[in-house]
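Undergrad: with the sequence up front, the predicted model follows.
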Amino acid sequence: MADLFDSPEETGDHAAPHRPLADRLRPRTLAEVIGQDQVLGPDAPLRVMLESGSLGSLIFWGPPGVGKTTIARLLADETDLHFVQISAIFTGVPELKKVFEAAKIRRQNGQGTLLFVDEIHRFNKAQQDGFLPHMEDGTILLVGATTENPSFELNAALLSRAQVLVLERLSLADLERLMQRAEAELGRKLPLTGPAREALQEMADGDGRALLNLVEQVAAWRVEQPLDPDALARRLMRRAAKYDKSGDEHYNLISALHKSVRGSDPDAALYWLARMLQGGEDPRYLARRITRMAVEDIGLADPQAQTICLHAWETYERLGSPEGELALAQAVAYLALAPKSNAGYVAYKAAMRLAKKTGSAPPPKHILNAPTALMKDQGYGAGYEYDHDAEDGFSGQNYFPEGVKRPVLYQPVERGFERELKRRLDYFARLRARRGG
């Protein structure tokens, strides 16, 4: 075996022409696929389909470099189907027609076709509909791959004829197994310390193909001592984190930020804020969403929270990036630690439902102004009690439309400033009951 840190040139291994490591390590059977046990393991969907001989059309949804193409190719091998691969980016209607015609001829000759469509979400709705008759009559078995949420990007007719399987980013343990397989193929260990190995895996960000490309770069280096993480970082640029400001990652991360704030976890909230900022998210979008969190999840439990968010937003507008982002971070930390209440939000939605239900019911006449004699004759303003003249400054009159039973919409919680509001609400309820309101 070659010495630990020998370069390829020093081993004298020139027998085969160069092939990318990712291609050389492509699994030959489904059993060799690393990761994705949730679809390939015992009793998992694909394993059950294959063992029962009932493989149907599929949509693989997952990030890049997790094995979507490889698994599709291996499915064709396991089922003796002819494998055809196209990309929605480079394929138009004329090319699709040729693919379908060839599949029909193949079927007439007793050979089925597994059509793998990469980036299937790139096809428009009409193009997606074009697959349906060929799926229904058995001309093709469709396996589509997408990095986008199929619920939003694929039409309902196509989804109803295919099962969506979610492929997950590779874990660090999966990436370590892949590195060990690569080192066995290369015939030597990588010149990295243990922490540097972990750093290399983190650079790949769950993408197996990216890891193998990084491994290939590192394996070509001629070094005297194993590299530590700092030395590795000087030689390799960290792979940019996957973040699409208009796609799933955008919505997933803002959801994580919002729920971390709601869950009173400032550390997690600051982490997700940083992830979004590093991904290139517009800080103004974050300022708007942070302010929404104050209104929706804190409300009157801490009336100052909304003010702090608005001030942070204004500070960002004045300072810009990166200094202004600190104000947003401080607002996020404040929100996470503030007392939580959605009572105002719940009351507002309940009021909207009641308003819709009661239609155009007019206010009771006693709280209507009567600027004309005719309106006075109609009873406008009659019987109105001026609250400032009443005992305790509270008349207890009814302000809902006649015939509408008085509801309880706002129910403050026993947290923060709403504890005081609840005390006041209970006080007025007792007065109203005492005065027959």
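TA: Noted; the coordinates are in hand.

Undergrad: low-confidence ranges in the stretch 301-437 of the chain?
TA: Low-confidence segments of the stretch 301-437 of the chain (pLDDT under 70): 436-437.

Undergrad: can you give me the helices for it?
TA: In the stretch 301-437 of the chain, the helices defined using DSSP state H, counting those that start in this stretch lie at 304-319, 323-337, 343-358, 373-377, 418-434.

Undergrad: which helix or strand contains the residue nearest the centre of the chain?
TA: Central residue of the chain (Cα atoms, centre = their mean): residue 252, 2.4 Å from the mean position. Using DSSP states H and E, residue 252 maps to helix 248-262.

Undergrad: contact partners of the following helix or strand past that helix?
TA: Where DSSP H and E defines the elements, the next helix or strand beyond helix 248-262 is helix 266-278. Under the criterion Cβ atoms under 8 Å, 6 or more residues apart in numbering, residues 241, 243, 253-254, 256-257, 260-261, 283, 286, 325, 328-329, 332-333, 335-337 lie in contact with helix 266-278. The C-beta positions use only the backbone N, C-alpha and C, and glycine is treated the same way.

Undergrad: which of the residues you listed are buried?
TA: By neighbour count, with 16 or more other Cβ atoms under 10 Å, the contacts of helix 266-278 hold 243, 253-254, 256-257, 260-261, 283, 286, 325, 328-329, 332-333, 335-336 as buried.

Undergrad: from residue 362, how far off is the spatially most distant residue from the centre of the chain?
TA: Distance from the centre of the chain peaks at residue 373, with 62.2 Å (Cα atoms, centre = their mean). Using Cβ to Cβ, to the nearest Å, residue 373 is found at 20 Å from residue 362.

Undergrad: burial measure for residue 341, as a count.
TA: 25 (other Cβ atoms under 10 Å).

Undergrad: sorry, back to before: and the helices of the stretch 301-437 of the chain: which comes nearest residue 279?
TA: The closest of the helices of the stretch 301-437 of the chain to residue 279 is helix 323-337. By Cβ to Cβ, the value is 13.0 Å.

Undergrad: CA atoms only: put the closest one into CSV for me.
TA: Output of helix 323-337 as CSV, limited to C-alpha atoms (Å, rounded to 0.1, in the frame of the first residue of the first chain):
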residue,chain,number,x,y,z
GLU,A,323,-23.6,47.3,11.8
GLY,A,324,-27.4,47.6,11.6
GLU,A,325,-27.8,43.8,11.8
LEU,A,326,-26.7,44.0,15.4
ALA,A,327,-29.8,45.9,16.2
LEU,A,328,-31.9,43.2,14.6
ALA,A,329,-30.0,40.6,16.7
GLN,A,330,-30.7,42.4,19.9
ALA,A,331,-34.4,42.7,19.0
VAL,A,332,-34.5,39.0,18.4
ALA,A,333,-32.9,38.2,21.8
TYR,A,334,-35.4,40.6,23.5
LEU,A,335,-38.4,38.9,21.8
ALA,A,336,-37.2,35.5,22.8
LEU,A,337,-37.0,36.5,26.5
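
Undergrad: tell me the angle of that helix relative to helix 266-278?
TA: Counting by axes from the mean of the first three to the mean of the last three Cα atoms, to 10 degrees, helix 323-337 points 150 degrees away from the direction of helix 266-278.

Undergrad: name the helices or strands packed onto helix 323-337?
TA: Using 3 or more Cβ pairs under 8 Å, 6 or more residues apart in numbering; DSSP states H and E, the elements in contact with helix 323-337 are helix 248-262, helix 266-278, helix 283-293, helix 304-319.

Undergrad: what's the burial count for residue 271?
TA: Close neighbours of residue 271, defined as other Cβ under 10 Å, add up to 14.

Undergrad: next: residue 259.
TA: Residues near residue 259, counting by other Cβ under 10 Å: 15.

Undergrad: hmm, who's touching stretch 340-349?
TA: With Cβ under 8 Å, 6+ apart as the test, stretch 340-349 has contacts from 262, 264, 295-301, 409-413, 415-416, 418.

Undergrad: please identify the buried residues of it?
TA: 340-344, 347-348.

Undergrad: what of stretch 421-437?
TA: Neighbour-count burial for stretch 421-437 [16+ other Cβ under 10 Å]: 421-422, 431-432.

Undergrad: render the CA-only coordinates of it in CSV, please.
TA: The C-alpha atoms that make up stretch 421-437 are tabulated as CSV, following Å, rounded to 0.1, in the frame of the first residue of the first chain:
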residue,chain,number,x,y,z
LEU,A,421,-54.9,43.9,31.7
LYS,A,422,-56.6,40.7,32.9
ARG,A,423,-57.1,42.3,36.3
ARG,A,424,-58.7,45.3,34.7
LEU,A,425,-60.9,43.2,32.4
ASP,A,426,-62.2,41.1,35.3
TYR,A,427,-62.9,44.4,37.2
PHE,A,428,-65.0,45.7,34.4
ALA,A,429,-66.8,42.4,34.0
ARG,A,430,-67.8,42.5,37.7
LEU,A,431,-69.1,46.1,37.3
ARG,A,432,-71.0,45.2,34.1
ALA,A,433,-72.6,42.2,35.9
ARG,A,434,-73.5,44.4,38.9
ARG,A,435,-75.1,47.0,36.7
GLY,A,436,-77.0,44.6,34.5
GLY,A,437,-75.0,45.4,31.4
